[in-house]
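Colleague: Let me see the structure of the following:
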Amino acid sequence: MSDHLIYIVDRDATLEEAPELAARVMQWLEEQGIAAPSADAEVAFSPATHCAGANAKDWVEWLDQFNRCGIIAEIGRQVFHAGGNGVEGLECPQCQTVHDADDVDWGEAVGGWYEEQDDRLACPACEKSSSITDWRFSEMEWGFGNLGFAFDGFGVEQKLADAVSEVLGHRVVIVYRAI
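Modeller: Prediction:
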């Protein structure tokens with residue numbers, strides 16, 4: 001398996017609607033030949049429901065042909081983060097100032113989002129507060145949501161994320177996670 005996962009995270013799905021949306025996207029992935037049901041596929045060394053389909057290579061930048069590439073829908077409130085890739089900076093959604101991660105107390109806002117409490121983070125530059133979900137993480141983006149699609153062994157391209165966004169009718173973000 002690869003040493004990282006790529007997620008397409010639904011930024012707008014509620015926990016209640018996530019199972020139906022997950023089924024809709026997985027069905028669409030099958031119909032497009034991007035995914036095929038599989039008992040042998042893996043995501044992060046765990047069993048997955050789907051493997052690469054016959055047309056997957058048309059939708060991704062690269063496909064690891066030597067491993068059991070897997071795709072799985074993950075349902076549940078979670079912070080889809082960059083893992084070992086870390087956080088270098090955060091960009092304020094109000095003024096676009098990029099702050100060094102060590103200079104902003106963003107951990108409390110992430111915890112607040114996860115606990116469904118106050119998730120606002122004040123920008124040291126413009127002093128305006130915004131939900132942590134609106135801040136941009138660099139160098140690797142983070143996603144906050146109740147539904148994510150994990151791809152292990154796939155180089156997910158923006159065109160696939162855009163198509164999944166259309167199927168969902170929601171905003172999505174691509175998250176690269178080192179494992």
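Colleague: okay, CA-based contacts and neighbour counts for the rest of this
Modeller: OK.
Colleague: The helix of greatest length in the chain packs against which elements?
Modeller: Of all segments of type helix in the chain, defined using DSSP state H, the longest is helix 18-31. Taking 3 or more Cα pairs under 8 Å, 6 or more residues apart in numbering; DSSP states H and E as the contact definition, the neighbouring helices and strands of helix 18-31 are strand 35-37, strand 70-80, strand 143-152, helix 158-168.
Colleague: Make TSV from these and add mean pLDDT to it.
Modeller: As requested, the helices and strands packed on helix 18-31 are arranged in TSV below (pLDDT from 0 to 100):
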stretch	mean pLDDT
strand 35-37	95
strand 70-80	95
strand 143-152	96
helix 158-168	98
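Colleague: nearest to residue 133, of the ones you listed?
Modeller: Ranking those by proximity to residue 133 (Cα to Cα) places strand 143-152 first, at 6.2 Å.
Colleague: And the closest one, how far out from the chain middle?
Modeller: Averaged C-alpha coordinates place strand 143-152 at 4 Å from its chain's average position (Cα atoms, centre = their mean, to the nearest Å).
Colleague: Stretch 148-155 now?
Modeller: In terms of Cα atoms, centre = their mean, the centre of stretch 148-155 is found 9 Å from the chain centre.
Colleague: which outside residues touch that stretch?
Modeller: With Cα atoms under 8 Å, 6 or more residues apart in numbering as the test, stretch 148-155 has contacts from 1-2, 4-10, 42-44, 60-64, 67-75, 80.
Colleague: Show me which of the residues you listed are buried.
Modeller: Applying a neighbour-count criterion of 16 or more other Cα atoms under 10 Å, the buried members of these are 1-2, 4-10, 42-44, 60, 63, 68-75, 80.
Colleague: Please read off the pLDDT at the closest residue to residue 56 other than its chain neighbours from the model.
Modeller: Nearest non-adjacent residue to residue 56, counting by Cα to Cα, 6 or more residues apart in numbering: residue 34, 4.0 Å away. As summarised for this prediction, residue 34 has a pLDDT of 96.
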